[in-house]
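In: Need a 3D model of the sequence below.
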Amino acid sequence: MKFNKTVKKFLAFALSLAMVVSSLVINDATARAEGEFEISRITWSVEDNVKMFDVEFTSAYDGETAKDPYIYCIYVDQTDSDHSAINYSNEWNWKSNFQWLNENGGMNNNYKFDKVFTIASDFAANGKAGIYLAQGTHTVYIVAYSTVEDAQADTNPVKTASKEITVPGEVETTTVHDADTVANIEITSVEKDVNNGITVKWVHPEGMDGLTQEFYIGTPDSVIEDEKHWAKNGTNNYIWGVAKGRTDVDNVVASKDDSIKVENGGDYVVRIIYKDATGAIVARGTTEPVHFEKYVNNEMNVFQERNEGLTAFLKWTKVTGAASYALYDAEGNEIKKDIVADWVDVVLANYDTEFTYTIKAFDSQGNEIEVTKNTVNAKVSTQPETTEAPTEAPTEAPTVNPGSEIK
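Out: Numbers count the residues shown, from 1 in each chain. Take a look at the predicted model:
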């Protein structure tokens, strides 16, 4: 009897403690969601005769945006998965693209959802075939969640921002104007980096560290401030388009539409602008010109860089004019395509056997580019080569061949 009472007391204590911890967690989530969270701007545009809009919003986190712990989703009219917004360009459902997370588990977010043109249920049924939001009034929701699981399940929202929009019959693209006063952005360094691109560093103008930033590439005589001329990173084709809080961009090699490429030779500049909540440009800075010689390379020099178990990592030198690469086996079967980086991983069938692979390069129209040194033999040994330590101390230092090391 005494034992049962003890157990009951323990269970009651545990339940009480769990309720306290639960309360603390909820209160902490609420406390961390005290940032100014709102939809700040919606901008209309037209592409392929389809009406679409960009949505900009503020962080729900009252702290450093780089450490924002929240996952954000965008919906239209209702906050469920059927009403999740779809991006027109790459047909992304914003609820299935949470691969870019920061150190606190939140999104590395530019606080912008772009080119929204329809919702998930309509897109699943009709694709792009003339489907866009019906003319009239709709409500756009941005919802902050604590975890990816909550975001995917539409559960436990931390905070919600909303804004009504009217889908017009005709859309005029919003023109961005300079503010009455435009501050100068101090460029602290600009250089040609080791990857044959442009790396830029700058400092925020006073009081502007939380504003929206955009990055462009151009020539000393012409920098066009539109999305086609956003700066592109050459390492992974990442677009340095819209961000917040940055003080550097690296390896700028081309514009988003590839109309400008430093590999073509000549002088190029990078421009940074800051916009306020209305979309007006309030700060602008342009680098000094960086000169590039015309670069032509058709040697891929493919090699096996490393392995993890039976997974071999193949790496190569990017070739001139290549927009993507594809991996083929010895029989010419395509294994992977649309590779935009300068490496790929492939799983070998077994150990201690050489497998031959070929990398092919393609331009932006999908035409194959003639290349050399694009075949490699990949192999993973069951036992990595090791050098046994001598049983007795050597009488003199061992000889080491250049490029080798003593294990």
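
In: so I239 touches W230, yeah?
Out: Yes - if you go by C-beta atoms under 8 Å, I239 and W230 touch, sitting 5.3 Å apart. C-beta coordinates here come from the backbone N, C-alpha and C atoms, glycine included.

In: Looking at those two, which is more packed in?
Out: Counted by other C-beta atoms under 10 Å, I239 and W230 do not tie: W230 has more neighbours, with 20 against 14.

In: what is A254 paired to in the beta sheet?
Out: Residues in a beta bridge with A254, per DSSP bridges, are K232, K261.

In: just use 14 as the starting number from now, easier for me
Out: From this message on, residue numbering opens at 14, which makes the last subject A267.

In: so what's S394 up against?
Out: Contacts for S394 (C-beta atoms under 8 Å, 6 or more residues apart in numbering) come out as Y364, D365.

In: so where do the strands sit in the stretch 114-263 of the chain?
Out: With strands called from DSSP state E, counting those that start in this stretch, the stretch 114-263 of the chain shows them at 125-132, 149-158, 172-180, 191-197, 199-205, 211-216, 225-231, 244-246, 252-253, 255-257, 261-268.

In: Skipping adjacent residues, who's closest to V359 in space?
Out: A325 (5.7 Å; C-beta to C-beta, 6 or more residues apart in numbering).

In: Tell me, how many residues neighbour the one you found?
Out: If you count neighbours by other C-beta under 10 Å, A325 ends up with 21.

In: per-residue confidence averaged over the helix or strand where it lies?
Out: Assigned by DSSP states H and E, A325 belongs to strand 324-328. Throughout strand 324-328, pLDDT has a mean value of 93.

In: in it, what's buried?
Out: The neighbour-count check on strand 324-328 (16 or more other C-beta atoms under 10 Å) flags A325, L327, K328 as buried.

In: How about stretch 275-289?
Out: For stretch 275-289, burial by neighbour count (16+ other C-beta under 10 Å) applies to V275, E276, Y281, V282, V283, R284, I285, I286, Y287, K288.

In: CA atoms of it as CSV?
Out: The C-alpha coordinates for stretch 275-289 follow below in CSV (Å, rounded to 0.1, in the frame of the first residue of the first chain):
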residue,chain,number,x,y,z
VAL,A,275,33.3,37.3,-67.0
GLU,A,276,34.7,34.4,-69.0
ASN,A,277,34.1,36.4,-72.2
GLY,A,278,36.7,38.8,-71.1
GLY,A,279,36.5,42.6,-70.4
ASP,A,280,35.8,44.8,-67.4
TYR,A,281,33.0,44.1,-65.0
VAL,A,282,31.4,45.6,-61.9
VAL,A,283,29.1,44.4,-59.1
ARG,A,284,26.4,46.7,-57.8
ILE,A,285,24.6,46.5,-54.4
ILE,A,286,21.4,48.3,-53.7
TYR,A,287,19.2,48.6,-50.5
LYS,A,288,15.4,49.0,-50.7
ASP,A,289,13.0,50.2,-48.0
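
In: What is the strand holding A325 packed up against?
Out: Using 3 or more C-beta pairs under 8 Å, 6 or more residues apart in numbering; DSSP states H and E as the contact test, the elements touching strand 324-328 are strand 316-321, strand 356-360, strand 388-391.

In: So which of these is nearest N121?
Out: Nearest to N121 among these is strand 356-360 (21.8 Å), distances taken as C-beta to C-beta.

In: Overlap in contacts, I252 and W243.
Out: Residues touching both I252 and W243 (C-beta under 8 Å, 6+ apart) are K269.

In: before we move on, the earlier item: of all the strands of the stretch 114-263 of the chain, which one comes closest to A362?
Out: Of all those, it is strand 244-246 that lies closest to A362, at 34.8 Å by C-beta to C-beta.

In: How about residues contacting the closest one?
Out: Strand 244-246 is contacted from outside by 210, 228-230, 251-254, 262-269, 271, 283, using C-beta under 8 Å, 6+ apart.

In: What subset of those residues is buried?
Out: In terms of neighbour count (16+ other C-beta under 10 Å), the buried residues within the contacts of strand 244-246 are 210, 228-230, 253-254, 262-269, 283.

In: Closest one of these to V359?
Out: If you rank those by distance to V359 using C-beta to C-beta, N264 comes first, at 25.7 Å.

In: and the closest residue to that closest one other than its chain neighbours, what does it touch?
Out: Spatial nearest neighbour of N264, chain neighbours left out: G210 (3.7 Å); criterion: C-beta to C-beta, 6+ apart. By C-beta under 8 Å, 6+ apart, the residues touching G210 are N246, G247, D263, N264, V265, V266, V275.

In: And the chain, what are its domain boundaries?
Out: Per automatic domain parsing, the structural domains of the chain span 52-180, 191-305, 316-391.
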